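**Student:** Structure, please.
(chains A and B)
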Protein chains: 2
Amino acid sequence: MPHLRSAFFISDRTGITAELLGNTLLTQFDTVEFKRETVPFIDTPEKAEELAARIQQVADQDALRPLVFTSIINPDVRRALKIHNAQIVDFFETFIGELEQELGQRASLTVGRVHGMLNEERYDHRMAAVNFSLNHDDGVKLKDLDEADVILVGVSRSGKTPTCLYLALQYGIKAANYPLTPEDLDSPTLPKMLLPYRHKLFGLTIDPARLHYIRSERRPDSKYASVDNCRVEVNEAEAMFRHHGLAFISTTHKSVEEIATTIMHKAMLTRRF
Amino acid sequence: MPHLRSAFFISDRTGITAELLGNTLLTQFDTVEFKRETVPFIDTPEKAEELAARIQQVADQDALRPLVFTSIINPDVRRALKIHNAQIVDFFETFIGELEQELGQRASLTVGRVHGMLNEERYDHRMAAVNFSLNHDDGVKLKDLDEADVILVGVSRSGKTPTCLYLALQYGIKAANYPLTPEDLDSPTLPKMLLPYRHKLFGLTIDPARLHYIRSERRPDSKYASVDNCRVEVNEAEAMFRHHGLAFISTTHKSVEEIATTIMHKAMLTRRF
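**Tutor:** Below you'll find the model as predicted:
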C-alpha cells in the first residue's frame, strides 16, 4: 500500500464539521487511500495532549505525515494538540482572525453555542417534523397535506421516504409523502386530494432500470418490480408532472443530501430552526 | 438594526459544507445578527457572475460588507464570483494548495466526486438502514435485534426515534429501538429479549421535567405525562442501566447530532458507507 495516509478529524464537539470539511478536501485526491478516524469531544488540554501523543505514534509508524483536520474552538485545547510531523488543517484558527477583524469583535470562543433552551426549541421543532413524516409515511390524510410544508409525489420506491426524513431532521421541514399508485397513474390528472395543494407539490422520478433494481430487492420477480412495469409507471408519473407543470427531479444518481437540498432550493423552502 | 450583516453560503453542489463551516464560525459572534442565505448549485461561470452582481447590490444596500463563505471547486467558477466590497472566506482555495503539496498531487477538481455506482451503493446502504429503523419503530422482533448494529433503550419519548433515524441517514447504522415500558421498569433486570444482546445496548435518559414537557404535548394531564410518573420511570431506567453497567447518555441538552455522535463514539461504531 504505497499511498495509505492517516487522516484525523478532530473536534471539541461532534466532529461533524471537521469530518465534512476534511472529506470535502480529501475527495479531490482520488488516487490516494486514506485511513480515516474521527475523534470528537476533545475538549480539555489533557485529552488533546493524549491524542497528540497517539497521532505522533501513528506518524512514526506510517512514515508518512498524517493529515489532521481540526475545528477546535478553545485556544488552550488547540495549543495542547501539538504534533510534529503532521499536516495540520485548522479550520477555526485559519478563518476566525479575519472574521474578528471584519466584524470588529472578538470571537466568544464558546464551545457548543447552540445550547439550553434554544437547543430544546430546535429539538422540538425537528421532533415535530420527524413525527410528522413518520405518522403518515403510509397513507396520507387531508389534514397532513394541509399542515405540510412540501408534499413529495412519486411512484413507490422513488426515494420519498428518506428524503422526507432528511428534510425533517436537517431542516425541520414537514414533508408529506404521496405515493402514486397504479390507479393514480391511469390518467395524467392529479389525484383528487392533491388538487388543492398544487403549489406545495414536488415530484420525484427515477431511472426505470434503477427502480427495477430497488423494487426487486423487496419483491423479486413480481409484476411490481418488472422492468416493463417500472418503465410504464415512471413514464406516467413524469407525464403527470409535466401536464401540471410540477417541478420534479430524478433521484437516480443523487445522494439524499442532494435530493433534499435541491428541493429546498427549487421549492424556495427555508430552514425551520 | 445596527448589526444586520448579510452572510452568503455558496457552493457548486449542495451548499452543506459552506453552510456548516460558515455557521460554525458565525456562532462565535453572538451579538451580531446575520441575514443568512444559502446558494447551492453555482456550477457555471455564468451563474457565478449573476450571483456576484446580486451580492454586490446587497453590499451597496446594506452599506456593510457581506460575508461570503464559499466552497466552490471549479476554479473558473470561483474566478467568476468576483465581488468587491465583501469579506470572502474561500474554504476550498485556502486549503487545497497545501494539501496538494503535502500529497504531491494535483487536486482532481471534480465536482460531486461521490457519483455513479458508488453513490448508489451508499444510497442503498442508507435506505436499508432507514427501512430497518422504520420497520420496527414500534415493537421489536428478535430478528431485528439480531441484525441491529446498536439497540437504543429508553423510556417513551427519551429521544430514541430521531436518534435511530439520524444514525441510519448519516452513518448507515442499523439502530433498533427498544422502548422501556412500565412493566419492564418494575425490576432493574433487563427485559428478557434484550439479554442476549447486552453488548449492543445503549441507554438514553432524559431530565424528568423535560420528559414531562414532551409527553404533555402528546397527552396532556395524563398519568403518562405527569411529573411524578416521569421521575419514577427515569429513575428506574437509570437504575437498570447502572445495574447492568450499560453505557447511557442524557439527551436533555443535546441536539440529535450530539446524541448520535456520542453513541457512535462510545459504542465504537463506524460509518457503514
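**Student:** going forward, measure contacts between C-alpha atoms and count neighbours the same way
**Tutor:** Noted.
**Student:** Got the domain ranges for chain A?
**Tutor:** Annotated domains of chain A cover A:4-103, A:116-266 [automatic domain parsing].
**Student:** With respect to chain B, which of the ones you listed lies nearest?
**Tutor:** domain A:4-103 (5.0 Å; Cα to the nearest Cα).
**Student:** That closest one - what's its average pLDDT?
**Tutor:** For domain A:4-103, mean pLDDT is 93.
**Student:** need the domains of chain A in TSV with mean neighbour count and distance to chain B, can you?
**Tutor:** TSV is the format used below for the domains of chain A (neighbours: other Cα atoms under 10 Å in any protein chain shown; distance: least, Cα to the nearest Cα, whole Å):
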stretch	mean neighbour count	distance to chain B
domain A:4-103	19	5
domain A:116-266	19	6
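**Student:** is it possible to export those domains to TSV including distance to B:Ala239?
**Tutor:** What follows is those, written out as TSV (distance: least, Cα to Cα, whole Å):
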stretch	distance to B:Ala239
domain A:4-103	26
domain A:116-266	25
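**Student:** All the strands of chain A, residue numbers only.
**Tutor:** Taking DSSP state E, the strands of chain A run over residues A:4-11, A:33-39, A:67-71, A:87-90, A:150-155, A:175-180, A:201-205, A:248-250.
**Student:** Format those strands as JSON lines; extra columns: distance to A:Ala18.
**Tutor:** Listed next are the strands of chain A as JSON lines, based on distance: least, Cα to Cα, whole Å:
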{"stretch": "strand A:4-11", "distance to A:Ala18": "5"}
{"stretch": "strand A:33-39", "distance to A:Ala18": "8"}
{"stretch": "strand A:67-71", "distance to A:Ala18": "6"}
{"stretch": "strand A:87-90", "distance to A:Ala18": "9"}
{"stretch": "strand A:150-155", "distance to A:Ala18": "32"}
{"stretch": "strand A:175-180", "distance to A:Ala18": "29"}
{"stretch": "strand A:201-205", "distance to A:Ala18": "32"}
{"stretch": "strand A:248-250", "distance to A:Ala18": "30"}
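**Student:** residues in contact with stretch A:143-154?
**Tutor:** Contact with stretch A:143-154 is made by A:132, A:136, A:160, A:164, A:173-180, A:194, A:197, A:200-205, A:237, A:269, as judged by Cα atoms under 8 Å, 6 or more residues apart in numbering or on different chains.
**Student:** what do you get if the cut-off is 7 Å, keeping everything else the same?
**Tutor:** Contact with stretch A:143-154 is made by A:160, A:173-180, A:200-205, A:237, as judged by Cα atoms under 7 Å, 6 or more residues apart in numbering or on different chains.
**Student:** repeat for stretch A:244-259
**Tutor:** A:159, A:162-163, A:201-207, A:210, B:14, B:115-116, B:119-120, B:123.
**Student:** Could I get the CA-only coordinates of that stretch as PDB?
**Tutor:** Output of stretch A:244-259 as PDB, limited to C-alpha atoms (Å, rounded to 0.1, in the frame of the first residue of the first chain):
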ATOM      1  CA  HIS A 244     -49.400  20.000 -14.400                       C
ATOM      2  CA  GLY A 245     -46.200  21.900 -14.700                       C
ATOM      3  CA  LEU A 246     -44.900  20.500 -11.400                       C
ATOM      4  CA  ALA A 247     -41.200  20.800 -10.500                       C
ATOM      5  CA  PHE A 248     -39.600  17.400 -10.300                       C
ATOM      6  CA  ILE A 249     -36.200  15.800 -10.100                       C
ATOM      7  CA  SER A 250     -34.600  12.500 -10.700                       C
ATOM      8  CA  THR A 251     -33.200  10.800  -7.600                       C
ATOM      9  CA  THR A 252     -31.200   8.300  -9.700                       C
ATOM     10  CA  HIS A 253     -27.700   9.500  -9.300                       C
ATOM     11  CA  LYS A 254     -28.200  11.700  -6.300                       C
ATOM     12  CA  SER A 255     -27.500  11.300  -2.600                       C
ATOM     13  CA  VAL A 256     -30.200  12.000  -0.100                       C
ATOM     14  CA  GLU A 257     -28.400  15.300   0.700                       C
ATOM     15  CA  GLU A 258     -28.500  16.400  -2.900                       C
ATOM     16  CA  ILE A 259     -32.200  15.500  -3.400                       C
END
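**Student:** Report the mean confidence score over that stretch.
**Tutor:** Stretch A:244-259 shows an average pLDDT of 93 in the prediction.
**Student:** Kindly report the same for stretch A:143-152.
**Tutor:** 93.
**Student:** what comes into contact with stretch A:88-95?
**Tutor:** With Cα under 7 Å, 6+ apart as the criterion, stretch A:88-95 contacts A:Leu67, A:Val68, A:Phe69, A:Thr70, A:Ser71, A:Ile72, A:Ile73.
**Student:** hmm, 6 Å instead?
**Tutor:** With contact meaning Cα atoms under 6 Å, 6 or more residues apart in numbering or on different chains, stretch A:88-95 is reached by A:Val68, A:Phe69, A:Thr70, A:Ser71.
**Student:** can you redo these as JSON lines with distance to A:Asp228?
**Tutor:** What follows is the contacts of stretch A:88-95, written out as JSON lines (distance: Cα to Cα, whole Å):
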{"residue": "A:Val68", "distance to A:Asp228": "51"}
{"residue": "A:Phe69", "distance to A:Asp228": "49"}
{"residue": "A:Thr70", "distance to A:Asp228": "51"}
{"residue": "A:Ser71", "distance to A:Asp228": "51"}
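**Student:** Those residues: which two are farthest apart?
**Tutor:** A:Val68 and A:Ser71 (10.0 Å; Cα to Cα).
**Student:** tell me the contacts of A:Met240?
**Tutor:** When contacts are counted by Cα under 6 Å, 6+ apart, A:Met240 touches A:Pro188.
**Student:** same question, A:Val130
**Tutor:** A:Ala168.
**Student:** From A:Val155, how far off is it?
**Tutor:** A:Val130 sits 22 Å away from A:Val155, taking Cα to Cα, to the nearest Å as the criterion.
**Student:** and if you look at A:Gly104?
**Tutor:** A:Gly104 is 53 Å from A:Val155, by Cα to Cα.
**Student:** Report the central residue of chain A.
**Tutor:** Residue closest to the mean C-alpha point of chain A, counted by Cα atoms, centre = their mean, is A:Glu257 at 3.8 Å.
**Student:** coming back round to it: for B:Gln28, find the nearest of the domains of chain A.
**Tutor:** Comparing these by Cα to Cα, domain A:4-103 comes nearest, at 8.7 Å.
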